[in-house]
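[1] Sequence first, predicted coordinates after that:
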Amino acid sequence: MAELLKEAVRSEDIIARFGGDEFLLIMDDIEDIAVAERIIEKVLRAFNAPVYIEEHELFVTASLGAVYPQDGDNAETLLRNADAAMYIAKSRGRNDYHFFTPEMNQHAQQQMLMETHLQRALEFEEMSLHFQPITCSRRNEVVACEVLLRWHSPVLSNVSPDDFIPLAEDLGLINELGEWVIERALEQYLLWRSSLPDDFRMCINVSPKQFQKNGFADWLLALLEQHQLSPQVLELEITEGLLLNRWSEVDEQIQKITGAGIRLSIDDFGTGFASISYLRRYSFNTLKIDKSFVAASLTDSADAALIRSVIALAQGMGLTTVAEGVETPEQAELLQQLGCDRMQGFLYSKPVSQDHFMHLVHSSESVQPA
Ligand code: G
Ligand code: G
Ligand code: MN
């Protein structure tokens with residue numbers, strides 16, 4: 001990366017590795033902001049091509065935060081403000097840049113506030129779980145549920161996991177949080193078990209960081225054993241991104257988990273850099289078609305064709321398919337015609353509290369499309 005950066009700027013500019021995956025680029029003698037912008041765009045273009053390390057082809061993205069002299073009169077302020085601008089660039093989907101604006105301090109303050117409160121959210125019992133039914137396309141019965149974490153802070157009100165999960169990952173809180181989710185979900189399952197079908201599954205989202213912790217698989221298996229639960233009860237949902245980090249310890253944890261019979265599902269399929277070889281490499285059981293394809297399936301024939309091929313691919317590999325974000329009866333009908341095994345979405349039910357969920361299971365007509 002340093003070499004790529006060096007090629008993109010003048011030899012008299014300063015490039016430094018600031019720590020971890022952060023680089024600092026200092027350019028002197030820039031007559032106006034348009035010039036800076038041109039150089040930044042050049043830097044970003046340097047990341048367009050894949051990087052080759054041994055036989056691996058890697059796609060690297062860069063997010064750039066930029067400051068100009070008026071954004072601070074000392075190094076500390078300039079660095080802090082560049083960091084805030086970089087954060088915005090990152091949250092916009094990466095491979096982007098952003099100049100600092102004073103409003104960003106407000107955003108940074110918001111992040112700090114969230115950080116402070118997240119540290120104590122578990123202790124203060126501000127977290128809870130919601131459950132969204134997953135329905136069998138043929139039998140129209142609830143056969144599984146996805147467990148979704150909810151945070152209600154008295155100060156910040158409801159915060160989406162899209163916002164606090166990445167923060168928990170950065171702060172090193174994700175293991176504690178993730179383990180809490182699994183423990184709570186299994187306890188809930190034990191309470192529900194007698195009212196649920198024998199092959200019912202609890203589908204739990206797991207962050208890549210959880211797999212990176214050695215001992216995660218052992219912890220999980222011990223927990224199941226402690227509750228005398230079959231590994232078949234659990235399905236872990238992982239996103240494609242995790243598989244890009246082909247770290248051996250992630251491999252080991254995944255092999256141990258699937259080897260023990262815990263099911264594995266690939267979440268948001270079609271949005272990341274999934275490659276078909278990943279599907280072969282790990283023993284996935286389920287493929288979840290991302291809601292963006294489901295949403296576009298009726299209006300865009302290319303998306304319908306994509307769903308059709310994904311289902312064919314999954315069937316060929318013996319994977320169960322779940323369509324996410326099914327919102328209309330028309331979408332459900334199309335997906336059913338295409339042979340999709342399971343449905344999940346607002347058409348059936350939004351994620352609900354534990355009490356409400358039992359209600360849904362008992363009155364199975366409420367999960368049938370209108
Ligand atoms: O329900 P919803 O909008 O809240 O979920 C937003 C995102 O947060 C989804 O991508 C979902 O996978 C993720 N998410 C929800 N609950 C959990 C959880 O317990 N752990 C992890 N790692 N991600 C979760
Ligand atoms: O990334 P993951 O697939 O885990 O995300 C699950 C997310 O999808 C949750 O935020 C959940 O609230 C949301 N969700 C569930 N059903 C629907 C739906 O029918 N439409 C939309 N737009 N979102 C949904
Ligand atoms: Mn999911």
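    Done, it's in. Numbering: from 1, shown residues only. Ligands and ions are numbered 1, 2, ... in the order given.

[2] Please work out which helix or strand belonging to this structure has the smallest mean pLDDT.
    helix 240-244 (a mean of 63; mean pLDDT, DSSP states H and E).

[3] Go ahead and confirm H130 touches P351.
    Yes: using Cβ atoms under 8 Å, H130 is in contact with P351, at 3.8 Å. Placement of C-beta: from N, CA and C, glycine included.

[4] Point out the residues in the stretch 201-350 of the chain that sit beside ligand 1.
    N205, V206, S207 (Cβ under 6 Å from any ligand atom).

[5] Now the buried members of those.
    N205, V206, S207 (16 or more other Cβ atoms under 10 Å).

[6] What residue in the stretch 201-350 of the chain comes nearest to ligand 2?
    G345 (3.1 Å; Cβ to the nearest ligand atom).

[7] For ligand 3, see how far away that residue is.
    In this view, G345 and ligand 3 are 12 Å apart by Cβ to the ion, to the nearest Å.

[8] from memory that residue sits against K291, does it?
    Yes: using Cβ under 8 Å, G345 makes contact with K291 at a distance of 7.3 Å.

[9] about what we covered before: for the residues of the stretch 201-350 of the chain next to ligand 1, which one is nearest ligand 3?
    Minimum distance to ligand 3 across those is 4.7 Å, recorded for N205 (Cβ to the ion).

[10] In this structure the closest one contacts H130, no?
    No: using Cβ under 8 Å as the test, N205 is too far from H130 to be in contact (11.8 Å).

[11] what's the overlap in contacts for the two?
    Residues touching both N205 and H130 (Cβ atoms under 8 Å, 6 or more residues apart in numbering): V147, L148, L149.

[12] anything in stretch 196-208 near ligand 2?
    Yes: contact between stretch 196-208 and ligand 2, assessed by Cβ under 6 Å from any ligand atom, occurs at N205.

[13] would you say E235 is within a strand?
    Yes: assessed with DSSP: H, G, I helix; E, B strand; the rest coil, E235 lies in a strand.

[14] Which element, helix or strand, includes whichever residue of the stretch 1-150 of the chain sits closest to ligand 1?
    Here the stretch 1-150 of the chain gets closest to ligand 1 at one residue, L149, 3.5 Å apart by Cβ to the nearest ligand atom. Here L149, judged by DSSP states H and E, is contained in strand 142-153.

[15] swap in L334?
    Per DSSP H and E: helix 329-337 holds L334.

[16] Give me the distance from that helix to the chain's centre.
    Its chain's average C-alpha position is 26 Å from that of helix 329-337, according to Cα atoms, centre = their mean, to the nearest Å.

[17] what comes up buried for that helix?
    Quick answer for helix 329-337 (16+ other Cβ under 10 Å): Q331, A332, L334, L335, Q336.

[18] Turn the buried ones among the residues of the stretch 201-350 of the chain next to ligand 1 into a markdown table, columns for distance to D163.
    Putting these into a markdown table (distance: Cβ to Cβ, whole Å) gives the following:
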| residue | distance to D163 |
| --- | --- |
| N205 | 15 |
| V206 | 18 |
| S207 | 14 |
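
[19] Share the number of residues neighbouring Q110, please.
    Other residues within reach of Q110, judged by other Cβ atoms under 10 Å, total 12.

[20] rewinding a little: could I get the residues of the stretch 201-350 of the chain next to ligand 1 in a markdown table, plus columns for pLDDT?
    Compiled in a markdown table, those are given as follows (pLDDT from 0 to 100):
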| residue | pLDDT |
| --- | --- |
| N205 | 97 |
| V206 | 95 |
| S207 | 90 |
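
[21] I figured A185 was touching H130, is that so?
    No: look at A185 against H130 with Cβ under 8 Å: they stay out of range, at 10.8 Å.

[22] quick one on the thing from earlier: can you say which of the shared contacts of N205 and H130 are buried?
    V147, L148, L149.

[23] rewinding a little: please give me every residue in contact with the residue of the stretch 201-350 of the chain closest to ligand 2.
    K291, V294, A323, E324, G325, V326, E327, Q331.

[24] Return the subset of those residues lying in strands.
    A323 (DSSP state E).

[25] could you dump the contacts of G345 to CSV with distance to ligand 3 and pLDDT?
    Converted to CSV, the contacts of G345 look like this (distance: Cβ to the ion, whole Å; pLDDT from 0 to 100):
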residue, distance to ligand 3, pLDDT
K291, 10, 93
V294, 14, 93
A323, 12, 97
E324, 7, 97
G325, 11, 97
V326, 14, 97
E327, 16, 97
Q331, 18, 95
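
[26] Mind giving me the PyMOL command for buried ones among the contacts of G345?
    Applying 16+ other Cβ under 10 Å to the contacts of G345 leaves a buried subset, and the PyMOL line that selects it is:
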select buried, resi 291+294+323+324+325+326+331
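
[27] which parts of this protein sit against ligand 2?
    132, 148, 205, 267-268, 291, 324-327, 345-346, 351.

[28] May I ask which helix or strand encompasses D198?
    Counting by DSSP H and E, D198 is part of no helix or strand.

[29] what's the burial count for it?
    The burial count for D198: 7, using other Cβ under 10 Å.

[30] same check, this time on the one 4 residues further on
    With neighbours defined by other Cβ under 10 Å, the count for M202 comes to 21.

[31] A strand includes it, no?
    Yes: membership of M202 in a strand is supported by three-state DSSP.

[32] Spit out the contact partners of it.
    Going by Cβ under 8 Å, 6+ apart, M202 touches A144, C145, V147, A185, L186, Q188, Y189, V233, L234, E235.
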